[in-house]
Structure formats: structure tokens, C-alpha cells
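**Student:** Whatever this is, show me its structure:
(one chain, ligands or ions: 1)
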Amino acid sequence: METRIYMDYGATTPVHPQVLDAMLPYFSEHYGNPSSVYREGQRGKQAVAQGRASVAKLMGCPDPREVYFTSGGTEADNWAIRGYALKHRHKGKHVITTSIEHHAVLNTFKALEEKEGFDVTYLPVDEKGFVDFNSLQNALREDTILVSVMTANNEVGTIQPIKAIGELLKEQNIAFHSDAVQAFGSIPIDVQAMHIDMLSVSAHKMYGPKGIGALYVRKGLKLENFMEGGNQERSHRAGTENVPGIVGFGAACNLMADELETVNQRVTALRDDLIEGVIAEIPGVTLNGDPVRRLPGNAHFCLEGVQAEALLTSLDLAGIAASSGSACTSGSLEPSHVLLAMGISEEKARGSLRLTLGRDTTKAEIRETLRRLSAIVQRLRSLE
Ligand code: PLP
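**Tutor:** Numbering: from 1, shown residues only. Purely as a prediction, here's the structure:
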């Protein structure tokens, strides 16, 4: 059997050994409830505070009290968008997002539109997946209260001009949310410098555990609560804290704070080798997204005359874990809404392949991926 190669770090990442080591004592030894007054509880409370400080630091947030823990990126997105829109609906019912967001964002906006009577503008993107800045400017209205633009796209990896968007919205006094689930821990983010009011992040995309995320909320910004109950998270997000998860998220942030630049350089070089190799060795391939302003680990292609489902199954049989786009939509036969928004035809979009690299990817794995992928594409095309 061929050795397995994991090429889907965009779907999730393994928990780093250092992160796991930090978490383990909080399952068994230090199991106290952070809300308890006795020593065991206070130990948990301290661990949550440390985790919060580490997450805040990596996002350039000066005050850790602006960071609220959630069950992941999906909850953070839902809370930010719904929580802000509902709290401020008296000021206006127009909200803006982009046509290439993750479904955690898109479906939240759809729900506001369909169930709460909001007017939603879905901004177009260009052929590389960049949000059209002029369209954003033109879309702003007197009654616009919220704009949500993802930091980087989870399928094609395009990194948006977040700072410029943040500056514009700050001038206009409109709240700005960004879904940084794919970007956080992968590229530098600074909520202050980028003028972001709310930022969604998730640990499992950056070598932390699944089921823990966070929402940054700029001081003074008011949101409806998402979860009602006890007074955890300063009474804004009830529920006993996921202490091991928070400790793990904090440890993952500390790790990336130290290594982001070196990991980025290495992963970017490997990604560029992979992209060059795929384009040189396989005919009828196009790279999607921007060649440079893309996430370090992201390579995304359309392969003519190949169906994504058959390709992914063959790759899996050949030992390669890959996806056609986001993990959440794989398994569905629908072509990606992101590719369609970029002006790619339905037919072409059905032949999409996302290979996402991570800190453990090696040169040998890139070579092997190229070899196996070329053979599979050739075979699938010969069957057409
Ligand atoms: N937003 C983006 C851009 C994502 O890529 C994902 C996960 O794939 C999510 C949100 C959802 O995050 P989580 O899996 O932590 O709920």
C-alpha cells in the first residue's frame, strides 16, 4: 500500500504535540470548573485567562477581555452577524457580505434575510476571488449597519484587502466583521491595524483541537447574546468553559506566534513547487485564485475533463487525502459557489481540486503527490 499523504490542512490540522501536552492535565488532573470558588476551580479559571491572553496576542488585540470563547468558527460567525444585526436593527436593516463566504456566514445572512426582514447585498468578486472595492463603496447606504468580508477564502485561498476595507468602514462608522477561520495562525492578523470590529477564529485549523473557537469583539460594541444561561464569558456566552480546548487554543497561538514566519516561508515554497509541478506536468490545468496573494498552504486547480468526485476517490485510493473545495461541501455534487462567483463555468468548476499543505508537509510528499496525481488524471481522462 502507498504511504498516506495528507493534503487537506485547510479542512483541519492535527493537534500539535506541544498543544496536546499542554491540554492533557486539564482533562484529568486540573478538572475544576472555572466558576467554582475553591482552588481546583481557580486553577481552571487561571488557565482560561492564559488561553484568552494568548489568543488575543496573536490577533493584535490589546485587551484579552475583548476575546470570547465559542464552540468554533461557525458559532463565532453566527454570533457576530446575528448578534450585531439584531442588536442594531433599529439603526438600519441593510447588511453586506460577499458571494464567496463560507456557509457559516452565507447561511447566517440568508437567515437574516428570510426570517428577520434584512436587506442583504452579496458583493461580487473578480476572477481571482478579490472583493471588488468599488462595489463595496457603491453598496454602502444610509441604513447599512454591518459588513462581513472573510480575511482569506477557504477554497481558493485569496487574501482580501482587509485593511483597506476596515479603513473605509471605520470612516463610515459601519461595523466590520471578518471570518478569519482559514487565515488565523496562517498569516499575520492585527485587529487594531486592520480596523476589524469582530473577528471569528477557530483552533482546529491551526494545530489546536476541534470544538473551540473565539470571537473578538471590539470594546464598546454591543451584540445580542447567542447563548443564554450562566454568567460565563462576562455574561455574553453562557456554558461551562471548554478548559482543555481553551488551553489548547492558547498553546497553538503561542506556537504560531513564535513560528508563523518560518512556517510560512517553508510552506509557501513547497506550495509554489507543487503549483509549478502540477502546471508543468498535467495539461489542461488552471490555477484558481491569485498566484501571490493567497494563503501559504493553498493550491487550488481546475482540471479539464475530470470530475472532482472521481478524482478525490482515486486520490484517496492512491493514499492522498484532498478535497474539491471546502470540507463542508464535499460530498455534494453542486459546483462550488466560490468558483461560480469568480466567473468559472459550471463544467469547469466540477473538475476542481484543493490541495492544502501544512507545517508537516515535506518535499518528498510534494513529489509523490505530483507523481500520483499525474497518473490518476491521465487514467481518468483516458476513460472519458
Ligand atoms: N469559516 C471558514 C472560512 C472556514 O473555513 C470554516 C471551516 O472550514 C468555518 C468558518 C467553520 O469553522 P468551524 O469548523 O470551527 O466551525
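**Student:** can you give me the end-to-end distance of stretch 138-146?
**Tutor:** 15 Å (Cα to Cα, to the nearest Å).
**Student:** What average pLDDT does that stretch get?
**Tutor:** When pLDDT is averaged over stretch 138-146, the result is 98.
**Student:** Centre of the chain to it, how far?
**Tutor:** 25 Å (Cα atoms, centre = their mean, to the nearest Å).
**Student:** so Ser352 touches His300, yeah?
**Tutor:** Yes. Using Cβ atoms under 8 Å, Ser352 is in contact with His300, at 6.9 Å. Every C-beta, even on glycine, is put in place using the N, C-alpha and C of the backbone.
**Student:** list the residues that contact both of those two?
**Tutor:** Glu155, Asn288, Gly325 (Cβ atoms under 8 Å, 6 or more residues apart in numbering).
**Student:** What separation do you get for the second one and the ligand?
**Tutor:** Asn288 sits 16 Å away from the ligand, taking Cβ to the nearest ligand atom, to the nearest Å as the criterion.
**Student:** Just want the phi and psi numbers for that residue.
**Tutor:** When read as degrees, to the nearest 10, the backbone of Asn288 gives phi -100, psi 150.
**Student:** any chance you could map the helices in the stretch 201-350 of the chain?
**Tutor:** Assigned by DSSP state H, counting those that start in this stretch, the helices in the stretch 201-350 of the chain fall at 232-235, 243-281, 308-317, 337-341, 346-349.
**Student:** Tell me which of those helices is the most buried.
**Tutor:** Each of the helices of the stretch 201-350 of the chain was scored by mean neighbour count; the highest is helix 337-341, a mean of 21, by mean count of other Cβ atoms under 10 Å.
**Student:** ok, is that helix in contact with the ligand or not?
**Tutor:** No. Between helix 337-341 and the ligand, judged by Cβ under 6 Å from any ligand atom, nothing touches; the nearest distance is 10.4 Å.
**Student:** For that helix, which helices and strands make contact with it?
**Tutor:** helix 346-349 (3 or more Cβ pairs under 8 Å, 6 or more residues apart in numbering; DSSP states H and E).
**Student:** If you count contacts, what does the helix it packs on end up packed against?
**Tutor:** Using 3+ Cβ pairs under 8 Å, 6+ apart: helix 346-349 touches helix 337-341.
**Student:** if you set the cut-off to 10 Å instead, what comes out?
**Tutor:** Judged by 3 or more Cβ pairs under 10 Å, 6 or more residues apart in numbering; DSSP states H and E, helix 346-349 is in contact with strand 298-303, helix 337-341.
**Student:** Now the helix or strand containing Glu167: average pLDDT?
**Tutor:** Assigned by DSSP states H and E, Glu167 belongs to helix 162-172. Helix 162-172 comes out with an average pLDDT of 98.
**Student:** shouldn't Gly211 be in contact with His204?
**Tutor:** Yes. The pair Gly211 / His204 is scored as a contact, 7.6 Å apart, by Cβ atoms under 10 Å.
**Student:** Of those two, which one has the most company?
**Tutor:** Neighbour totals were compared for Gly211 and His204, and His204 leads with 23 against 16 (other Cβ atoms under 10 Å).
**Student:** and the one helix or strand Ile96 maps to, average pLDDT?
**Tutor:** Element membership for Ile96 (DSSP H and E) is strand 94-98. For strand 94-98, mean pLDDT is 98.
**Student:** Pull up the pairing partners for it, direction included.
**Tutor:** The pairing partners recorded for strand 94-98 under DSSP bridges are strand 119-123 (parallel), strand 144-148 (parallel).
**Student:** Same list, the ones you listed, but as CSV with distance to Tyr84 and mean neighbour count please.
**Tutor:** Formatted as CSV, the strands paired with strand 94-98 follow (distance: least, Cβ to Cβ, whole Å; neighbours: other Cβ atoms under 10 Å):
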stretch, distance to Tyr84, mean neighbour count
strand 119-123, 14, 18
strand 144-148, 5, 24
